[in-house]
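Novice: could you work out the structure for the sequence below:
(chains A, B, C and D)
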There are 2 protein chains.
Amino acid sequence: MNSATSNSSGNAAPGASAGVASSASPTFSPLYQQIKALITQSLQSGEWKPGELIPSEVELAARFKVSQGTVRKAIDELSAENLVVRRQGKGTFVATHHEERAHYRFLRLMPDAGEPRQAESRVVEVKRLRAPAEVARMLELKGGDSVIMIKRVQSFEGVPAILEEIWLPGALFRGLTAERLIEYKGPMYGLFETEFGTRMIRATERVKAVSTEAAVGELLAVASGTPLLSVERVSFTYGDKPVEVRRGLYRTDSHHYQNELS
Amino acid sequence: MNSATSNSSGNAAPGASAGVASSASPTFSPLYQQIKALITQSLQSGEWKPGELIPSEVELAARFKVSQGTVRKAIDELSAENLVVRRQGKGTFVATHHEERAHYRFLRLMPDAGEPRQAESRVVEVKRLRAPAEVARMLELKGGDSVIMIKRVQSFEGVPAILEEIWLPGALFRGLTAERLIEYKGPMYGLFETEFGTRMIRATERVKAVSTEAAVGELLAVASGTPLLSVERVSFTYGDKPVEVRRGLYRTDSHHYQNELS
DNA sequence: TAGTGGTCTAGACCACTAT
DNA sequence: TAGTGGTCTAGACCACTAA
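Specialist: Residues are numbered from 1 along each chain as shown, chains lettered A, B, ... in the order given. Take a look at the predicted model:
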């Protein structure tokens, strides 16, 4: 028994095995990448839901007919991408937005001094309409497709700080109403995740400095012309599919947008 | 030979071995973390300089008396932190700011449309002075310590876009002159790295929207009161030691601050 | 061809969590 | 005590680079 490989029992040619990427094909990828893709599919399909325990590494290794080390490397990457959370002694869990941990991953506005506070949210408007060209482009929708627009103001200790418009594809968020939004406690991405089966994975943001316009000034309680941070976010689910456009205006007189470069 | 561990030859108790973290001590960390720390020390001390090849995994494994897999895991993390760059078939290299790759890691201002352009830099002022309280605090200096302040304007295709003040600890940048800065081609962090042996590793930024003041307006060719992005950066070297404070004002009329949330 | 990083396996033991 | 993730080893082969 010469340890591994060299055919016979243990290993196989790279690109084969795992029941995937069969034979004559120009697409070769490492086994662990294939396993990672398979696990991601199960996450996406809802076989394992957010917050739930996924099968143990040993089980997955058996299922996919690979070694535990290979499954491990696949899960390592999923964990690094925050799709999954490992807990020693307990198992590996599907990541969820219903957690203290996740709350600040997508909230970059921090107080200049002191601890972060919980934001209070006030929904100003919810409506359905045909997607404006710009939004349609960013959500990869057709021109006439229906979208939902939510406008809300978030405050810290009674002081308004964020005004944002949130645009969602109508097809994905059928039953979404103003009432549901208002009564819901917790992060909006948590609502999206549990009620609409759409889990936000990552986002890109474009930040600019703009001048307060009259209508905005009222909602944020600042004078016209005051500089505001404009943050345009596009959020993605599995498969890099865009599922949200968020246009925010942030007051930065006592808060700042925090970023780590590494 | 029962494969590994259980004393005798291969393994040892965790926290021991590798010539580190000797015996009776309450600090236990995985072997690969100790190896990582040792490699980091060699990087910091300049045993291997930016751009250079470090010893192969096999060599390091022999030097530290651990398996190649353990060295590998250590280097994996260093690579993820951008301290080191792996190149298959060639070896592992110390990361450097003299590379196309690194240029955009710390430059977040992107054109709203089109390809990123090379910025032209114009040094406005260089002076030495006693650190102002705020700067001293951020650089972890004593009140009276000397600092260097560089003021410069960066333009894209002739249009000024960035005005920044760069504050450096005087002790670390002894020979730094305006002439040297002006004649130097390439990224400023490259200069810091090769001429002063100070390599910037990571940074944190605080972004706000502010209103253009008169003196600033002239340098950036915008009217007073125009909204600008204020970006305050603190940069760190090895050991989380702060080595630079950078206060930038960005025009965002045709550029934006780009960020990825993941 | 030799050397490097990259993948994969198999197996052992450790640390932590539950029962 | 059993099960889970976390660490570590040893060894094989692959993909890529350069002499």
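
Novice: who touches the closest residue to A:Pro50 other than its chain neighbours in this structure?
Specialist: With sequence-adjacent residues excluded and distances taken as CB to CB, 6 or more residues apart in numbering or on different chains, A:Pro50 is closest to A:Thr96, at 3.7 Å. For glycine as for every other residue, the C-beta is placed from the backbone atoms N, C-alpha and C. Applying CB atoms under 8 Å, 6 or more residues apart in numbering or on different chains to A:Thr96 gives the contacts A:Pro50, A:Gly51, A:Ala102, A:Gly190, A:Glu193.

Novice: and stretch A:222-242, C-alpha only, in PDB?
Specialist: Taking C-alpha atoms only, stretch A:222-242 is exported to PDB below (Å, rounded to 0.1, in the frame of the first residue of the first chain):
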ATOM      1  CA  VAL A 222     -30.400  69.400   7.700                       C
ATOM      2  CA  ALA A 223     -30.200  72.600   5.700                       C
ATOM      3  CA  SER A 224     -30.200  72.600   1.900                       C
ATOM      4  CA  GLY A 225     -26.600  72.500   0.600                       C
ATOM      5  CA  THR A 226     -25.200  70.500   3.600                       C
ATOM      6  CA  PRO A 227     -22.700  67.900   2.300                       C
ATOM      7  CA  LEU A 228     -24.000  64.400   2.500                       C
ATOM      8  CA  LEU A 229     -22.400  61.000   1.700                       C
ATOM      9  CA  SER A 230     -24.100  59.300  -1.200                       C
ATOM     10  CA  VAL A 231     -23.700  55.600  -1.100                       C
ATOM     11  CA  GLU A 232     -24.900  53.500  -4.000                       C
ATOM     12  CA  ARG A 233     -25.000  49.800  -3.200                       C
ATOM     13  CA  VAL A 234     -25.600  46.800  -5.400                       C
ATOM     14  CA  SER A 235     -26.200  43.600  -3.500                       C
ATOM     15  CA  PHE A 236     -25.700  40.100  -4.900                       C
ATOM     16  CA  THR A 237     -26.900  36.500  -4.000                       C
ATOM     17  CA  TYR A 238     -25.500  33.200  -5.100                       C
ATOM     18  CA  GLY A 239     -24.100  33.200  -8.600                       C
ATOM     19  CA  ASP A 240     -23.400  36.900  -8.600                       C
ATOM     20  CA  LYS A 241     -27.000  37.700  -9.300                       C
ATOM     21  CA  PRO A 242     -27.900  41.300  -8.300                       C
END
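
Novice: so is the longest helix that chain A contains next to DNA strand C?
Specialist: The helix that spans the most residues within chain A, counting by DSSP state H, is helix A:31-45. Yes: against DNA strand C, helix A:31-45 shows contacts by CB under 7 Å from any atom of the strand at A:Leu31, A:Tyr32, A:Gln33.

Novice: quick check: residues of the stretch 151-262 of chain A near chain B?
Specialist: Residues of the stretch 151-262 of chain A that fall close to chain B, judged by CB under 8 Å from any CB of the partner chain: A:201-211, A:225-230, A:233, A:250, A:252, A:256-262.

Novice: among those, which ones are in strands?
Specialist: Judged by DSSP state E, these include A:202-211, A:227-230, A:233, A:250, A:256-261 as members of strands.

Novice: for PyMOL, what selects the buried ones among those?
Specialist: Only the buried entries of these go into this PyMOL selection, using 16 or more other CB atoms under 10 Å in any protein chain shown:
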select buried, chain A and resi 202+203+205+206+207+208+209+210+211+227+228+229+230+233+250+256+257+258+259+261
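
Novice: which residue ranges of the stretch 1-150 of chain A form helices?
Specialist: A:31-45, A:57-64, A:68-80, A:100-103, A:133-139 (DSSP state H, counting those that start in this stretch).

Novice: now render those as CSV, adding distance to B:Leu220, mean neighbour count and mean pLDDT.
Specialist: Formatted as CSV, the helices of the stretch 1-150 of chain A follow (distance: least, CB to CB, whole Å; neighbours: other CB atoms under 10 Å in any protein chain shown; pLDDT from 0 to 100):
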stretch, distance to B:Leu220, mean neighbour count, mean pLDDT
helix A:31-45, 46, 18, 98
helix A:57-64, 55, 16, 98
helix A:68-80, 40, 18, 98
helix A:100-103, 37, 14, 84
helix A:133-139, 28, 16, 97
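
Novice: quick one on the thing from earlier: the longest helix of chain A vs chain B: in contact?
Specialist: No: taking CB under 8 Å from any CB as the criterion, helix A:31-45 and chain B are apart, separated by no less than 13.3 Å.

Novice: kindly report the same for stretch A:77-93.
Specialist: Yes: Stretch A:77-93 reaches chain B (CB under 8 Å from any CB) through A:Ala80, A:Glu81, A:Asn82.

Novice: my read: A:Val222 touches A:Arg251, true?
Specialist: Yes: using CB atoms under 8 Å, A:Val222 is in contact with A:Arg251, at 6.3 Å.

Novice: quick one: common contacting residues for the two?
Specialist: Common contacts of A:Val222 and A:Arg251, defined by CB under 8 Å, 6+ apart, comprise A:Leu228.

Novice: neighbour-wise, which of those two wins?
Specialist: Neighbours were tallied for A:Val222 and for A:Arg251 using other CB atoms under 10 Å in any protein chain shown; the higher tally belongs to A:Arg251 (24 against 17).

Novice: can you check the pLDDT for the more buried one?
Specialist: Listed pLDDT for A:Arg251 reads 98.

Novice: cool, and the one 3 residues further on?
Specialist: On the pLDDT scale, A:Ser254 is placed at 98.

Novice: check contacts around it.
Specialist: Shown in contact with A:Ser254 (CB under 8 Å, 6+ apart): A:Pro111, A:Asp112, A:Val159.

Novice: that older thread, which of the helices of the stretch 1-150 of chain A sits closest to A:Ile148?
Specialist: Nearest to A:Ile148 among the helices of the stretch 1-150 of chain A is helix A:133-139 (10.7 Å), distances taken as CB to CB.

Novice: what about the residue lying closest to A:Lys127 once chain neighbours are set aside, how many residues nearby?
Specialist: Distances taken as CB to CB, 6+ apart place A:Met149 nearest to A:Lys127, at 5.5 Å, with adjacent residues excluded. A count of nearby residues for A:Met149, using other CB under 10 Å, gives 18.
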